[in-house]
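Visitor: no sequence on hand, only this structure:
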């Protein structure tokens with residue numbers, strides 16, 4: 001179903017992004033003590049309120065629904081485990097990628113960048129917009145995979161909106177990063193590797209995955 005070139009692109013992306021962001025995480029964080037102890041403090045300081053968790057859940061539902069409306073691959077495979085047999089390898093690799101990218105990208109694009117902007121005196125609106133635009137720019141590479149510049153621009157726009165929503169989650173949670181990370185991980189667990197397959201095959205808004 002996938003060509004050799006498409007398979008190489010998908011595997012390279014999944015493995016490359018996971019390893020790169022693991023390395024970036026190790027450079028961004030130098031925890032004292034063990035990682036479990038650090039994560040317990042990091043995710044609970046401050047404690048997120050109900051507003052943050054409610055908005056996070058809403059963002060997950062909205063983004064998954066939107067993705068299903070634009071990608072036939074997502075509609076066909078995301079919530080149908082019985083159909084995963086041809087993609088079992090990339091589906092399994094997408095699981096650790098979901099956790100690594102969810103943790104690193106929210107820590108960097110939300111907590112690190114937004115807190116740095118706040119420290120420089122920028123207001124919440126500028127923090128959200130800046131975080132969203134940088135987040136969307138990084139994800140434009142998905143459209144490039146399909147050799148489609150228009151798709152790259154569309155992906156950048158959509159992921160910028162997602163970035164803004166996750167930034168709003170961070171603010172609504174009282175600047176606790178836990179709900180944003182949880183939302184990002186949940187989105188990735190549901191939608192990957194199907195969005196990557198969509199990009200690699202250029203099958204946005206097509207009726208089916210190319211044979």
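Guide: Yes, it's here. Predicted model, so just to flag it, every value in this text is computed and none were measured.
Visitor: grab the nearest non-local neighbour of residue 11.
Guide: Computed as CB to CB, 6 or more residues apart in numbering, the closest residue to residue 11 that is not its neighbour in sequence is residue 90, at 6.7 Å. Where you see a C-beta, it was placed from the backbone N, CA and C, and this is true even at glycine.
Visitor: cool, residue 21 as well?
Guide: The shortest distance from residue 21 to any non-neighbouring residue, by CB to CB, 6+ apart, is to residue 104 (4.3 Å).
Visitor: same question, residue 162
Guide: Going by CB to CB, 6+ apart, residue 162 has residue 63 as its nearest residue, at 5.7 Å.
Visitor: now do the buried residues in stretch 31-47.
Guide: Buried residues in stretch 31-47, counted by 16 or more other CB atoms under 10 Å: 42-43.
Visitor: thinking again about what came up before, any idea of the pLDDT on the residue nearest to residue 21?
Guide: You'll see residue 104 listed with a pLDDT of 97.
Visitor: what element comes up after the lowest-mean-pLDDT helix or strand in the chain heading to the C-terminus?
Guide: Least confident helix or strand of the chain, by mean pLDDT, DSSP states H and E, is helix 141-145 with a mean of 61. On the C-terminal side of helix 141-145, the nearest following helix or strand under DSSP states H and E is helix 149-172.
Visitor: so which elements touch that following helix?
Guide: Contact here means 3 or more CB pairs under 8 Å, 6 or more residues apart in numbering; DSSP states H and E; on that basis helix 149-172 packs against helix 50-70, helix 124-139, helix 141-145, helix 178-191.
Visitor: out of the ones you listed, which is the most enclosed?
Guide: Comparing these by mean neighbour count (mean count of other CB atoms under 10 Å), helix 178-191 comes out on top with a mean of 23.
Visitor: residues contacting the residue nearest to residue 162?
Guide: 162, 165, 187, 191 (CB atoms under 8 Å, 6 or more residues apart in numbering).
Visitor: correct me if wrong: the third one contacts residue 60.
Guide: Think residue 187. Yes: between residue 187 and residue 60 there is a contact under CB atoms under 8 Å: 5.7 Å.
Visitor: which ones are touching residue 24?
Guide: Residues near residue 24 by CB under 8 Å, 6+ apart: 104, 108.
Visitor: and it, how far is that from residue 48?
Guide: 24 Å (CB to CB, to the nearest Å).
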